[in-house]
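Asker: can't give you the sequence, but here's the structure:
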């Protein structure tokens, strides 16, 4: 399946973490340990895409792919927030977790032509970058078959 994460309502580029200012906030999809496809925190909208192999097992579904994190039975993908320095270094400050088990109610999950879209509000209730487990209403998930 193709997972597309559609981000909207970004918190902005400036945010303070404890006493540490974050003056160039970016967010990207975490692939293995590294953020990819970074976009600025003041972007209007962004889309991150990743292929995920869905394997049906007697105990349920399992998920595999370069952006898939966690152990079997608790797989997820991260959107990782960080400050980008003048030398393009990335210092992570927060992560938002999309649990893949939350997708198991989607029909035809193992169909390779399936496109799953997660629409994510990227600003939390305090005006900062959304983190922790993504739950409705902050995330809305839909799916459709792609030819």
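Answerer: Sure thing, it's come through. The model shown is predicted, which means the values in this text are computed figures rather than measured ones.
Asker: got a pLDDT number for residue 130?
Answerer: Per-residue pLDDT puts residue 130 at 97.
Asker: does it touch residue 120 like I think?
Answerer: Yes. Using C-beta atoms under 8 Å, residue 130 is in contact with residue 120, at 7.1 Å. In short, each C-beta sits where N, CA and C put it, glycine included.
Asker: between the two, which is the more surrounded one?
Answerer: Under the neighbour definition other C-beta atoms under 10 Å, residue 130 and residue 120 were set side by side, and residue 130 has more, 24 against 21.
Asker: ok, the closest residue to that one other than its chain neighbours to residue 56 distance?
Answerer: Counting by C-beta to C-beta, 6 or more residues apart in numbering, residue 124 is the residue found nearest to residue 130 once chain neighbours are left out, at 4.6 Å. Separation of residue 124 from residue 56 (C-beta to C-beta, to the nearest Å): 35 Å.
Asker: likewise for residue 9?
Answerer: 35 Å.
Asker: run a quick neighbour tally on residue 86.
Answerer: Neighbours of residue 86 under the rule other C-beta under 10 Å: 6.
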